[in-house]
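Student: Sequence first, predicted coordinates after that:
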Amino acid sequence: MSLLAYLECSRCQTQFEPGKVYNLCTCGGPLLARYHLKKLAGRRIRSRLDARPANLWRYREALPVKSESSIVCLGEGFTPLLHAERLGKRLGLPKLYLKDESRNPTGSFKARGMAVAVSMARELGITKVAVPSAGNAAGALAAYAAKAGMEAAVFMPEGTPLANRLECEIQGARVVLVPGSIKDCARVMRESAGSQGWFDVSTLREPYRLEGKKTMAYEVLEQLDWRLPDVMIYPTGGGTGLIGMWKAFGEMQEMGWIGPKRPRMVAVQATGCAPMVRAFQQHSEKAEEWQNPVTLASGLRVPSAIGDFLILGAVRESNGTALAVEDASMLAAVRELAQTEGVFTSPEGGATLAALKQLLADGIVAGSETVVLFLTATAYKYMEAMETIAAKAT
Ligand SMILES: Cc1ncc(COP(=O)(O)O)c(C=O)c1O
Ligand SMILES: [Zn+2]
């Protein structure tokens, strides 16, 4: 089962023993799970994977949950990697792939992180979990907490899509709507929930959501026949997926699954909320808070991220880039993905195609390269935004 060895602070490298409840390091740095993966090098895990379930728990050695009975599973992960032939032809990019994360429980990739976080919470005896969320993480937490028989409290911005609010309420979570952005939600949550025994599962403030999200990279490797793509384009808010996948490449190399070559990581944000893009352009290691964040892509309305230095580090080390796209281009891209490939993705997913177009136009991505777009959620959760696309069509 799990080969979890210890937790390590991503800032000061202090090590912490597993089996205990942690949020951040005393220095304020997020903790990362480290495994004894060298043990697996040379073993035939790769061929044995075929016999395992088609969900993220197939990578259980590189996940933190010790006991199988702790696992709270709704079938998360192992989403399809679709070959986008029609769209690729149009773009002059024959090797274009779409990681369709809408197929996860609760309709978004947030299910991956919450599946692992809630399973670990169960293993560690936690019974009350709380999160500030732009919407999708809240829906996922509500679902996994319900399945685990835990109490959940979710703090979302007032303008969060209706579907996210209703799924949380109906799944039995306590829902608090807060004026402002996810940052304000986090503040209100800490003021109200912090002192009452609720465990904080905010992005990177607990170590295991990242572990769930990193499995996207393991799947892409398997689905591309054990080769990594040249470029990965990821809609970035708090950055858990991007940081997680970057971490996963190191683990794969330790196990002997890949060599030192990495995909170029592209972080996409909205022009109305682009703290990482600004920091990338200013060559800075940290990102300043974005004032007055505005975008229809609710998952990208994240004005500051505790893992900013990890996001920027991964983008730079991979030789990747960070760029922002307009809401109108995201929505046009949502329509194009729907009409060429039959996928109905959220504005965040659309943002990856809008970014790809810019990168092709600027010669940063070449037509011969293998590119993966992360379509992180279903459009069914974003009916308000979809209405504006439909209205434009008539
Ligand atoms: C649909 C969607 N895409 C992307 C993101 C950003 O994800 P991350 O926090 O991993 O950067 C979110 C976060 O809420 C989201 O809901
Ligand atoms: Zn530290």
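Tutor: Done, it's in. Ligands and ions are numbered 1, 2, ... in the order given.
Student: shaky segments in the chain?
Tutor: Applying pLDDT under 70 to the chain flags residues 194-195, 393-394.
Student: Correct me if wrong: G28 contacts C9.
Tutor: No - with contact defined as Cβ atoms under 8 Å, G28 does not reach C9; the gap is 9.1 Å. In this view, the C-beta of every residue, glycine as well, is placed from N, C-alpha and C.
Student: So these two - more neighbours on which side?
Tutor: C9 (19 against 10; other Cβ atoms under 10 Å).
Student: who's that one bridged to?
Tutor: Using DSSP bridges, the bridge partners assigned to C9 are L31.
Student: Tell me the backbone dihedrals of the residue nearest to L37 when sequence neighbours are not counted, please.
Tutor: Taking Cβ to Cβ, 6 or more residues apart in numbering, and ignoring the residues beside it in sequence, L37 has E254 as its nearest neighbour in space, at 4.3 Å. The phi and psi values for E254, taken as degrees, to the nearest 10, are phi -60, psi -40.
Student: distance of E254 from A248?
Tutor: As judged by Cβ to Cβ, to the nearest Å, E254 and A248 stand 10 Å apart.
Student: More neighbours: which of the two?
Tutor: A248 (25 against 18).
Student: tell me which element that one falls in.
Tutor: helix 240-254 (DSSP states H and E).
Student: List the buried residues for that helix?
Tutor: Neighbour-count burial for helix 240-254 flags 240-249, 251-254 (criterion: 16 or more other Cβ atoms under 10 Å).
Student: got the contact list for the helix or strand following it?
Tutor: The element immediately downstream of helix 240-254 (helix or strand, assigned by DSSP H and E) is strand 264-270. Contact with strand 264-270 is made by 230-237, 239, 242, 245-246, 275-277, 280, 295-297, 300-301, 311, 314-315, 318-327, 330, 351-352, 354-355, 359, as judged by Cβ atoms under 8 Å, 6 or more residues apart in numbering.
Student: do that again at 6 Å, thanks
Tutor: Here strand 264-270 makes contact (Cβ atoms under 6 Å, 6 or more residues apart in numbering) with 231-233, 235-236, 242, 276-277, 295, 297, 300, 314-315, 318-322, 324, 351-352, 355.
Student: ok, which of these also contact ligand 1?
Tutor: 235-236 (Cβ under 6 Å from any ligand atom).
Student: For this protein, what lies in contact range of ligand 1?
Tutor: Counting by Cβ under 6 Å from any ligand atom, the chain sits next to ligand 1 at 108, 110, 134, 136-137, 203, 235-241, 299, 346, 348, 376-377.
Student: residues in contact with G113?
Tutor: Here G113 is in contact with 209, 212-213 (Cβ under 6 Å, 6+ apart).
Student: so which strand or helix has it?
Tutor: According to DSSP H and E, G113 maps onto helix 110-123.
Student: ok so, going back, which of the contacts of strand 264-270 count as buried?
Tutor: Buried among the contacts of strand 264-270 by 16+ other Cβ under 10 Å: 231-233, 235-236, 242, 276-277, 295, 297, 300, 314-315, 318, 320-322, 324, 351-352, 355.
Student: Among those, name the ones in strands.
Tutor: Among the buried ones among the contacts of strand 264-270, the members found in strands (DSSP state E) are 231-233, 235, 321-322, 324.
Student: before we move on, back to that, which neighbours do G28 and C9 have in common?
Tutor: Shared contacts of G28 and C9 (Cβ under 6 Å, 6+ apart): none.
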